[in-house]
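Visitor: quick one, what's the 3D model for this:
(chains A and B)
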Amino acid sequence: MPPKDFERVLRFYESQDQNGKTIRLPLVEVILITAANNRVSLSLLFDTGASVTTLRADLYPMIGLQSWDQGQRVDIATASGLTVAYQYTATLEIFGKLIQCPIHLLQMPPNPLLNGLLGRDTVFNEFGFGFWESTSELLVTSTP
Amino acid sequence: MKVSTEINQEIGYLRRFNDFITTGPGSPEEILDTLTKFGIDWFVTEEGTLMIKYWQVAAEGFVSAEQAAVIRSTQPFSNQGDSLDWLTNNLPDIRKQYGGQWVAIHSNHIVASALNLPDLLTKAAGFDTPLITFVSAEPVVWNFTYAT
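Guide: Below is the predicted model:
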């Protein structure tokens, strides 16, 4: 396997699950360029189990929408069944790299620690990753 | 060395400036007027903390445009990790005060809060990449939802 140089370390953050058990979540601060051209930071769960990058539906004002459901309707399968999302494009800065990213708005629980999922369509197209077992760290390069 | 001298002068200036804010004879209103006069962005949080943002040119032409591109590609981006650390460590207290509201976090403070997102974005517009989130009034039972 060729050697890789990773520029960043993606940390895991402690949280509590519904049973009070401590869990560790790989959270990523992603910068979204809003419709007013401001830069705001959103916490997303690094989730290679998700095929697409999704944001909470009620974040729609950030990208200049009048409602969350005015884009292209997409039916997606989730762990709790088939659900509806709407597709848009947003400008995101992820790990210092500015990209035009397809995003889906999806109604999901309002967990303060995360406002969406950073899915594998974004992460595998744009970045390279490595991890060492049991270290609770992911290593990231923007030049895979 | 020119750059070091300038930076040392700047550090000395900031120390005197900090003394002026914390021990100076002026009223809060006079201090805020002075900040505005010197072109320093300021914001008073809901807890009464004074936040300032002040960028000073230390050295023009410090590196070439090519070197700048290399440096900028590897430097950590603003506030990465800090706000998340603070949020995860203080969530129960934040929920008590801001449950049911949108909040903007910057430099380990709630710098703005609002009942709806458009109002929050307006209030937080003066801050560089504030972390935006909604604080639910009650802890959330989170079922991980994987799109396929």
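
Visitor: okay, now residue 112: neighbour count?
Guide: Looking at chain A here, since you left the chain open. A:Pro112 has 21 neighbouring residues, counting by other CB atoms under 10 Å in any protein chain shown. Yep, even glycine has a C-beta here, placed from its N, CA and C like the rest.

Visitor: try chain B instead
Guide: Neighbour number of B:Ala112 under other CB under 10 Å is 25.

Visitor: residues in contact with the residue nearest to the spatial centre of chain A?
Guide: Nearest to the geometric centre of chain A sits A:Leu118, at 2.1 Å (CA atoms, centre = their mean). By CB atoms under 8 Å, 6 or more residues apart in numbering or on different chains, A:Leu118 lies in contact with A:Val28, A:Val30, A:Leu44, A:Leu45, A:Phe46, A:Asp47, A:Ala50, A:Thr53, A:Ile94.

Visitor: ok, now which ones touch the residue nearest to A:Phe6 when sequence neighbours are not counted?
Guide: Nearest in space to A:Phe6, with sequence neighbours left out and distances taken as CB to CB, 6 or more residues apart in numbering or on different chains, is A:Leu139 at 3.6 Å. If you count contacts by CB under 8 Å, 6+ apart, A:Leu139 has them with A:Phe6, A:Arg8, A:Val9, A:Leu10, A:Phe129, A:Gly130, A:Phe131, A:Trp132.

Visitor: let's go with 7 Å and repeat that
Guide: A:Phe6, A:Val9, A:Phe129, A:Gly130, A:Phe131 (CB atoms under 7 Å, 6 or more residues apart in numbering or on different chains).

Visitor: closest to chain B out of those residues?
Guide: For the contacts of A:Leu139, the closest approach to chain B (CB to the nearest CB) belongs to A:Val9, at 9.5 Å.

Visitor: wasn't that closest one part of a helix?
Guide: No: going by DSSP: H, G, I helix; E, B strand; the rest coil, the assignment for A:Val9 is strand, not a helix.

Visitor: what bridges to it?
Guide: A:Leu139 (DSSP bridges).

Visitor: which residues touch the top strand by length along chain A?
Guide: Of all the segments assigned as strand in chain A under DSSP state E, the longest by residue count is strand A:81-94. For strand A:81-94, the surrounding residues in contact (CB under 7 Å, 6+ apart) are A:30-33, A:54, A:63, A:68-69, A:71-76, A:98-106, A:126, B:77.

Visitor: filter these to the buried ones?
Guide: Those of the contacts of strand A:81-94 that meet the buried threshold are A:30-33, A:54, A:63, A:68, A:71, A:76, A:99, A:101-106, B:77, by 16 or more other CB atoms under 10 Å in any protein chain shown.

Visitor: report the buried residues of the helix or strand hosting B:Glu29.
Guide: Using DSSP states H and E, B:Glu29 falls within helix B:28-37. Buried residues in helix B:28-37, counted by 16+ other CB under 10 Å: B:Ile31, B:Leu32, B:Thr34, B:Leu35.

Visitor: just put the residues you listed in TSV and tack on distance to A:Asn19.
Guide: Shown next, in TSV, are those (distance: CB to CB, whole Å):
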residue	distance to A:Asn19
B:Ile31	50
B:Leu32	48
B:Thr34	53
B:Leu35	49
